[in-house]
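[1] Make a model of this:
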Amino acid sequence: MKVFGFLTFIIMSYFVYGFYISQNDLKIVNPTLKKLTEASYYDYKGVINVHSDLSIGSSPITQIIRSAKNAKLDFMIFTDLNEFSEKNLVEGYFDETLIMSGSKISYLDSRFMVVPFQKQTLGRNLGEAQVKLADLLSQEKSNDYLIILAHPFKSGFSWTGPLPQGLDGVELINLKSLSQRAFELSKLSPMWSLFVYPFNPTLSFVRLFNEPSDEITMFDSSHENGRYYGFSGAEASARAVPVANFLIKFPSYQKTFEMFSNHVLLKSELTGNVKSDKAKILTALKSGNFYLAFDMLGDPKGFSCVIEDRSKAHLIGSKIKLTKNMKMKIRLPQTPNYFFETVVYRNGNRFETVNTTDAEIEINQPGVYRVQVRVSPYFPLPDATKWITWIYTNPFYVQN
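    Numbering: from 1, shown residues only. I've put the predicted structure just below:
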């Protein structure tokens, strides 16, 4: 009888606590309020680093595309591991979501994502692809491929030395790397997230987020050797976890797509033409005209960050000549519901911090400038408040 009473108490306590945490809303902007919009460019959201059952994923391409549409992505790029069959390259519009295909290639102790502008593979097999990739990395950046270093510090991988000159950028955010790091820091915390997941999935994922400090340190120090940009990689595979007689895909493709994304900024809108729209997206990614956002915390559309001189406004990722009276202008789409700060970094060091939704910052010296918008949401017990980055911009290169 005592055992039954104790179990009853535990179950009731679990559901009472579940009701308590279900009331916690981590959204940092109110979706029902009208947000400021940026009229000078178009903001398109998409994800890269997506695996299907052709390689290390758990679902067929058709199901993943359905998840992308449900997540309201504007574009998605498949990068199946060491997959070189051209017949498996899927490209085109599926409703309003543009699907593109590249591949992830094992190379030395690392992996690189390669996305061609034309519908083609890098080789017929891994050996051919590695030879071609080595050639591309050793030369100036190719106009035919987008090349990204994947998860440079994920467990089992470790990039050392300078970045190759043919590389376009690195994954600053890799969701699988972040989850592994959370488990390494505290094995209890991921277990607690599984405990709260049925009542508040957003809380379950957000509380595990830790700043990708190793990736950011490497990224900030790389600019001495060239221009590189940071990417958010979903590393979506939705590996099935057996529970009793069922297979649970945790996290699902859709939930992964809703966490972090790349927000591409275009001066003209997408038209529905696959060839031209693909070129626009990939060109913007190669040029760094995008920012990374923790969309699960709140919709960032309407965020604006430009550097203005007397002649024009320069988009994120631009290479700019320093002029007199140059200013960086930053605008948030809404005032966040929690404490927030907008931090401007120059050459990897804090340059300016502001706590307003609109800011103008004088740029009077050359350097590599980037911005992070950080928020401090309230987490229910037993957690406490902590700072989390909502938005990372790519750098502006300001030169004499």
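
[2] Which secondary structure elements does whichever strand or helix holds Lys280 sit against?
    For Lys280, the element it lies in under DSSP states H and E is helix 274-287. Where contact means 3 or more C-beta pairs under 8 Å, 6 or more residues apart in numbering; DSSP states H and E, helix 274-287 is packed against strand 97-107, strand 145-149, strand 229-236, strand 260-266. All C-beta spots, glycine's among them, are computed from the backbone N, C-alpha and C.

[3] where along the stretch 201-350 of the chain do the helices fall?
    Taking DSSP state H, counting those that start in this stretch as the criterion, the stretch 201-350 of the chain carries its helices at 201-206, 213-222, 253-257, 274-287.

[4] So which of the helices and strands packed on helix 274-287 has the densest surroundings on average?
    strand 229-236 (a mean of 26; mean count of other C-beta atoms under 10 Å).

[5] helices and strands around that one, which ones?
    strand 42-50, strand 169-174, helix 175-185, helix 253-257, strand 260-266, helix 274-287, strand 290-294.

[6] If I average pLDDT within each of these, which one is lowest?
    Mean pLDDT is lowest for helix 175-185 among these, at a mean of 83.

[7] what's that one in contact with?
    For helix 175-185, contacts defined as C-beta atoms under 8 Å, 6 or more residues apart in numbering pick out 151, 153-155, 171, 189-190, 208-210, 212, 233-237, 256, 259-260.

[8] Tell me which residues touch the closest residue to Asp109 other than its chain neighbours, please.
    Nearest non-adjacent residue to Asp109, counting by C-beta to C-beta, 6 or more residues apart in numbering: Phe157, 6.3 Å away. Counting by C-beta under 8 Å, 6+ apart, Phe157 touches 109-111, 151.

[9] Just the buried ones from those residues?
    110-111, 151 (16 or more other C-beta atoms under 10 Å).

[10] thought Ile281 was touching Tyr44?
    Yes - taking contacts as C-beta atoms under 8 Å, Ile281 lies within contact range of Tyr44: 7.1 Å.

[11] what's the overlap in contacts for the two?
    With C-beta under 8 Å, 6+ apart as the test, Ile281 and Tyr44 both reach 75, 264, 266, 270.

[12] How about the contacts made by the spatially most central residue of the chain?
    Centroid-nearest residue in the chain, with C-alpha atoms, centre = their mean: Ser232, separated by 2.4 Å. Each residue near Ser232 by C-beta under 8 Å, 6+ apart is listed here: 47-48, 171-173, 260-262, 292-293.

[13] okay if I get those as TSV plus distance to Gly317?
    Shown next, in TSV, are the contacts of Ser232 (distance: C-beta to C-beta, whole Å):
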residue	distance to Gly317
Val47	19
Ile48	16
Glu171	16
Leu172	14
Ile173	17
Phe260	18
Ser261	17
Asn262	12
Leu292	12
Ala293	15
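
[14] for this protein, what are the low-confidence residue spans?
    1, 6, 9, 14, 32-39, 239-250 (pLDDT under 70).

[15] Determine the longest helix present in it.
    As assigned by DSSP state H, the longest helix anywhere in the chain is helix 2-22.

[16] Done for today, thanks.
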